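Trainee: the following comprises the amino acid sequence and a computationally predicted model.
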Amino acid sequence: MTTTSPSTPTSPTSPTTAPQSPSGRGPQPGAAVARIALVGDRSPHVKSHTRIPLLLEALEVREGLVLDACWIATADAAAEADAGTLARFDAVWVLPGSPYASEAGALAAVRVAREESIPFLGTCGGFQHALLEFARGVCGLEGAAHAENDPGAADPLIAPLSCSLVGHEGLVLAEPGSLAESVLGAERSLERYHCNYGPAPEHLPALTAHGLRLSGHDEDGQVRIVELPGHPFFLATLFQPELAGDGSRPHPVIRALAAAAAARAARRADGILTRLAATLAGTRSAG
């Protein structure tokens, strides 16, 4: 398990392999290490952020899923997207902590994951910005706004909740047959929140008309999970799975993202080996 910054000279185009732990637990020999972009403005005051090292360690020890995690500040994310750096990661996770320093950066991270079929998870603020990016980038709603970022917006897509969810814990009901249900392993789960903003219900039909699935709701019918059918793994939750338990047993949503990232890393490594073998075979033939 490693956590780096964008300046760390680790290339996401050259997958490394993880050794097996002496105890026999942890990664399998030769398993590719998945590179994951953690997009957010890292802060010791955001509990979800402080949980990340614990979660990465637990994923490695308990699940054998090794992630090389790279924090990318939202102020840098748009440039990383334009440079093609984000597209070379095995997963993108837009974390809680809004208002972000750069709305554009958060949206760029979501867009790259959506367009490049990179496993994506958005939690809390990441959920809100996943909806915002989909509204603007897919539905053509260029004026879609987030009230926290644009308090003067007349009709925001992401609006203040009628009742704050800061510190709230409540049931989430997953839609049968959805990715959310498959990941959670049940139709009902108890989840923790720390937010004051959510989607305005009157705007949701426009999103679903363009393919977004509202796959989880609270007991009052308010949307709490969305996913994108046809994408390898695109899931966003208004609740914060980072807050489940004490961090020693990663939430199923986080495990699922890690597994999707590992699968992508394995395919990438296989592709590199296949191309290398073809190159060597061609060299031998020429010789």
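Mentor: Here it is on my side, so go on.
Trainee: C-alpha from now on. contacts and neighbour counts both.
Mentor: OK.
Trainee: list the contacts of the helix or strand harbouring Pro205.
Mentor: In this assignment (DSSP states H and E), Pro205 forms part of helix 204-209. Among residues not part of helix 204-209, those counted as contacts by CA atoms under 8 Å, 6 or more residues apart in numbering are Phe134, Ala135, Cys139, Leu214.
Trainee: okay, buried residues for that helix please.
Mentor: By neighbour count on 16 or more other CA atoms under 10 Å, the buried set for helix 204-209 is Leu204, Leu207.
Trainee: how distant is that helix from the center of its chain?
Mentor: 21 Å (CA atoms, centre = their mean, to the nearest Å).
Trainee: helix or strand for Val112, which one?
Mentor: Using DSSP H and E, Val112 falls in helix 103-115.
Trainee: that helix: which residues count as buried?
Mentor: By 16+ other CA under 10 Å, the buried positions in helix 103-115 come out as Glu103, Ala104, Gly105, Ala106, Leu107, Ala108, Ala109, Val110, Arg111, Val112, Ala113, Arg114.
Trainee: again, but for stretch 138-149
Mentor: Neighbour count says stretch 138-149 has Cys139, Leu141, Ala144, Ala145, His146, Ala147, Glu148 buried, by 16+ other CA under 10 Å.
Trainee: give me the mean pLDDT for that stretch.
Mentor: Here stretch 138-149 scores 96 as its mean pLDDT.
Trainee: straight-line length of it, end to end?
Mentor: Using CA to CA, to the nearest Å, one end of stretch 138-149 lies 21 Å from the other.
Trainee: need the contact list for Leu212.
Mentor: Leu212 neighbours (CA under 8 Å, 6+ apart): Val226, Glu227, Leu228, Pro229.
Trainee: repeat that for 7 Å
Mentor: By CA atoms under 7 Å, 6 or more residues apart in numbering, Leu212 lies in contact with Val226, Glu227, Leu228.
Trainee: give me phi/psi at it?
Mentor: Backbone geometry at Leu212, expressed as degrees, to the nearest 10, gives phi -70, psi 140.
Trainee: any idea how far Pro160 is from it?
Mentor: 22 Å.
Trainee: mean confidence score for stretch 245-255?
Mentor: If you average the pLDDT over stretch 245-255, you get 95.
Trainee: okay, buried residues for it please.
Mentor: Counting neighbours by 16+ other CA under 10 Å, stretch 245-255 gives Gly247, Ser248, Arg249, Pro250, His251, Pro252, Val253, Ile254, Arg255 as buried.
Trainee: where does pLDDT dip in the stretch 151-287 of the chain?
Mentor: The model of the stretch 151-287 of the chain has pLDDT under 70 over residues 271-287.
Trainee: show me the helices in it, by range?
Mentor: 179-184, 204-209, 252-286 (DSSP state H, counting those that start in this stretch).
Trainee: so where's the stretch 1-150 of the chain shaky on pLDDT?
Mentor: 1-31.
Trainee: assumed Pro53 was part of a helix.
Mentor: Yes - checked against DSSP: H, G, I helix; E, B strand; the rest coil, Pro53 lies within a helix.
Trainee: from Lys47, how far off is it?
Mentor: Distance of Pro53 to Lys47, given as CA to CA: 12 Å.
Trainee: middle-most residue in this structure, spatially?
Mentor: Leu121 (2.0 Å; CA atoms, centre = their mean).
Trainee: for it, helix, strand, or coil?
Mentor: Here Leu121 takes the strand state, with states given by three-state DSSP.
Trainee: measure stretch 227-234 end to end?
Mentor: Start-to-end, stretch 227-234 (CA to CA) is 5 Å.
Trainee: and if you look at stretch 195-215?
Mentor: This stretch, stretch 195-215, spans 19 Å end to end (CA to CA).
Trainee: cool, stretch 187-203 as well?
Mentor: OK, stretch 187-203 end separation, CA to CA: 25 Å.
Trainee: who's in contact with that stretch?
Mentor: Identification of contacts with stretch 187-203 by CA under 7 Å, 6+ apart yields 124, 128, 157-161, 164-176, 181, 239-240, 243.
Trainee: in it, what counts as buried?
Mentor: Glu187, Arg188, Glu191, Arg192, Tyr193, His194, Cys195, Asn196, Tyr197, Gly198, Pro199, Ala200.
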